[in-house]
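Q: Fold the following and give me the result.
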Amino acid sequence: MINKLKKLKPIKGIKLSSISSGMYKKKRLDLSLMEISDGSSIAGVFTINKGRSDTINISEKNLKKTNPKFIIVNSGNANAGTGKEGFNDIIKYSKVLANIANCKIEDILVFSTGIIGERIKYKNIIESLPSLNKNLSDNGWEAFSKSILTTDTTVKKISKTISLSGKKINISGVTKGSGMIMPNMATMLSFVATDIKISKSTLIKILKKITEKSFNMITVDGETSTNDASILISTGKSSTNFNNLKKNEKDLFLNTLENIYKDLAKMIVKDGEGATKFITINVKNTATFSDAKKIAMSIAKSPLVKTAIFAEDPNWGRILSAIGNVQTKVKDLSKIEIYIGNFLVFKDNQINKNYVENRVKKYLKNDNVDITIKYNGGKKSATVWTTDLTYEYIKINAEYRT
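A: Numbers count the residues shown, from 1 in each chain. Here you go, the predicted structure:
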C-alpha cells in the first residue's frame, strides 16, 4: 500500500553504519550505529508503557544529562521484560562502544525493537561494534532504514529540502512500525534529523507538539509497546539558526517538519499488519480537541468497526456505538452526523432518508476509506489514521514467535 520512496538525503553532522549481527535466523541488517556531531541538539519522546525496556529508561536518563554523541539500535529483540540481566547486557555493550568511540557511556542512546522477554545477544553486538564504528558514513541512511524493521513489509523514510534565508535546509527521517500501534506512541522507533541549528529547549517543544499531531494520532491494534521512542536531531551544520528566522520562515520549517512526521505516521498505518484499508477518521465540531480525539480513537480502535470495513460492509451502527462509548458533556447523539466517504449516513437521530447502502458498499471497496463525524458540540476537530482488522493480522501475530 506504500509507494516507492526516494533515496534519503545525507544530513551534515550525521554518520551511520549498519550490519547483520545475527539477531535473526536469516541474515539481514539488524544493528545500526549513528554518530552525531558535537554541537548538535537532540530531543526525544518515549513510551509511557509501564513495562518499558531499560533501553528506554537509559536513553531518557542520558538525554536529560547531555546531547549524546551516538545512537545504537537493534531489531529482532526488544530487551524488555529481561530484568537485571537485560539491563546489564545494555551496560556491557555500551561500555565497549564508549571505549571504541572514546566517549562516555552517558553519551550513548540505546534502542531495541523485536520480541519481548528474551535475553538479547549482547555478544553479537559487542563483536559488531568495531566494524560499525569503522564504516560510519554520511550515506548510511538507506541501510539504517532497513535495519530497524521487524514485521514491517517495507522501509518508511522521507527527505525534504527547503530554502530558508537563501540557504538550503535538509531534513531526513525514518521510522519503523507495523503492529502493536497505538498513541503514546506505538511499537515504533523514529529518527529524524535536520542540519538547521535549533536549541535543545526549543527542539523539545517542537517534538512534543508535532508528536501529538502525528504519531499520537495513529492506531493499528490499540496496543502501546514497551520500546517506543522518537528522536529529533538538529546538527546546526547549515549555519542557519532557527531563532533568527522571520516568522514566515519559521512557519515554513515547522509545517514541513510536521508534514514529515505525519507522512511517517501514515506510512506506519499503511503498513499495518495484514491491513487492506487505510482509514481516515475526521471528527469535527466538538467542545475540545480531547473530545474529538477520544471519539476518533474510539471508532479507530473498535474491532467491530475495523472488521466491518475489512468486509466492505457499511454497518454504520458500529460507528454510532463507538461514538456513544465516549463520555462528553453532550447528553445524546441526536444532532450528530455520520459520513462514510461523502455519503451522509446518519442524521437527526436516524438513518438519512436519501441513504443508498449499495453506493456506500461500493465506496468501501476502495483502499482508502474516510469516516467523518460532525458532532455539533463546538468548533474543535481531530483526525486519526487507522487500518481494518483482517485474518492476516491474526495470522501474523499468532505466528510471530514460531
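
Q: contacts for the helix ranked longest in the chain?
A: Looking across the chain with DSSP state H, the single longest helix is helix 247-270. The contact list for helix 247-270 (Cβ atoms under 8 Å, 6 or more residues apart in numbering) reads 1-2, 156, 158, 160, 162, 164-165, 169, 171, 173-178, 181, 186, 188, 190, 192, 194, 196, 206, 210-211, 213-215, 217-218, 220, 242, 245, 275, 278, 385-387. Any C-beta I mention is one placed from the backbone N, CA and C, and that applies to glycine too.

Q: hmm, try it at 7 Å
A: Helix 247-270 is contacted by residues 1-2, 156, 158, 160, 162, 164-165, 169, 171, 173, 175, 177, 181, 186, 188, 190, 192, 196, 206, 210, 213-215, 217-218, 220, 242, 278, 385-387 when judged by Cβ atoms under 7 Å, 6 or more residues apart in numbering.

Q: Generate a ChimeraX selection restricted to the buried subset of the residues you listed.
A: Listed next is the ChimeraX selection for buried residues among the contacts of helix 247-270, using 16 or more other Cβ atoms under 10 Å:
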select :1,156,158,160,162,164,169,171,173,175,177,181,186,188,190,192,196,206,210,214,215,217,218,220,242,278,385,386,387
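
Q: Now, the contacts of helix 247-270 that are in strands?
A: Counting by DSSP state E, the part of the contacts of helix 247-270 found in strands is 156, 158, 160, 162, 164, 169, 171, 173, 175, 190, 192, 278, 385-387.

Q: State the pair within the residues you listed that is farthest apart.
A: 164 and 387 (36.0 Å; Cβ to Cβ).

Q: quick one: terminal-to-terminal distance for stretch 77-91?
A: Length of stretch 77-91, first residue to last, Cα to Cα, to the nearest Å: 16 Å.

Q: With stretch 365-377 instead?
A: End-to-end distance for stretch 365-377, by Cα to Cα: 32 Å.

Q: buried stuff in that stretch?
A: 369, 370, 371, 372, 373, 374, 375, 377.

Q: Leaving out the residues flanking it, which one is nearest to residue 370?
A: Leaving aside its sequence neighbours, residue 370 sits nearest to residue 280 (Cβ to Cβ, 6 or more residues apart in numbering; 4.9 Å).

Q: Equivalent analysis for residue 305, please.
A: Nearest residue to residue 305, sequence neighbours excluded (Cβ to Cβ, 6+ apart): residue 318, at 4.8 Å.

Q: How about residue 289?
A: residue 380 (4.9 Å).

Q: looking at it, the one you found is touching residue 290, isn't it?
A: No - taking Cβ atoms under 7 Å as the definition, residue 380 is not a contact partner of residue 290, at 8.4 Å.

Q: Low-confidence ranges, the stretch 51-200 of the chain, go.
A: Per-residue confidence for the stretch 51-200 of the chain (pLDDT under 70) gives these ranges: 178-187.

Q: repeat that for 50
A: For the stretch 51-200 of the chain, applying pLDDT under 50 flags the ranges 180-186.

Q: Do a quick rundown of the strands in it.
A: For the stretch 51-200 of the chain, strands defined by DSSP state E, counting those that start in this stretch occupy the ranges 70-77, 108-115, 156-164, 167-176, 189-194.

Q: Compute the distance between the residue lying farthest from the centre of the chain and residue 313, please.
A: In the chain, residue 353 marks the outermost C-alpha relative to the chain mean, sitting 40.8 Å out by Cα atoms, centre = their mean. Per Cβ to Cβ, to the nearest Å, residue 353 is found 21 Å from residue 313.

Q: before we move on, back to that, pLDDT value on the residue farthest from the centre of the chain, please?
A: pLDDT for residue 353: 94.

Q: quick one: secondary structure of residue 239?
A: Recorded secondary structure, residue 239: coil (DSSP: H, G, I helix; E, B strand; the rest coil).

Q: How many residues are close by the residue nearest to residue 289?
A: Residue 380: 17 surrounding residues under other Cβ atoms under 10 Å.

Q: Start at 5, not 1
A: With 5 as the first residue, the last one maps to residue 384.

Q: beta partners for it?
A: residue 290 (DSSP bridges).

Q: Excluding chain neighbours, give the residue nearest to residue 320 in space.
A: residue 349 (4.6 Å).

Q: Surely the one you found touches residue 321?
A: No - with contact defined as Cβ under 7 Å, residue 349 does not reach residue 321; the gap is 9.8 Å.

Q: the more surrounded of the two?
A: Shown here are residue 349 and residue 321; by other Cβ under 10 Å, residue 349 has more neighbours (21 against 15).

Q: show me the contacts for that one.
A: By Cβ under 7 Å, 6+ apart, the contact set of residue 349 is 320, 342, 343, 355, 356, 359, 364.

Q: out of these, which are buried?
A: Here, 16+ other Cβ under 10 Å leaves 320, 342, 343, 356, 359, 364 buried among the contacts of residue 349.

Q: So which of the residues you listed sit within strands?
A: Counting by DSSP E, those contribute 342, 343 to strands.

Q: For the buried ones among the contacts of residue 349, give me a markdown table that also has distance to residue 64.
A: As requested, the buried ones among the contacts of residue 349 are exported to a markdown table (distance: Cβ to Cβ, whole Å):
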| residue | distance to residue 64 |
| --- | --- |
| 320 | 43 |
| 342 | 41 |
| 343 | 41 |
| 356 | 50 |
| 359 | 50 |
| 364 | 46 |
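
Q: Quick check: of the buried ones among the contacts of residue 349, which lies closest to residue 75?
A: residue 343 (43.5 Å).

Q: Enumerate every residue touching the nearest residue to that closest one once chain neighbours are set aside.
A: Leaving aside its chain neighbours, residue 343 sits nearest to residue 376 (4.1 Å; criterion: Cβ to Cβ, 6+ apart). Residue 376 is in contact with 286, 288, 343, counting by Cβ under 7 Å, 6+ apart.

Q: ok, now with 10 Å
A: Remark: with contacts taken as Cβ atoms under 10 Å, 6 or more residues apart in numbering, residue 376 is in contact with 284-288, 341-349, 385, 387.

Q: Lovely, talk soon.
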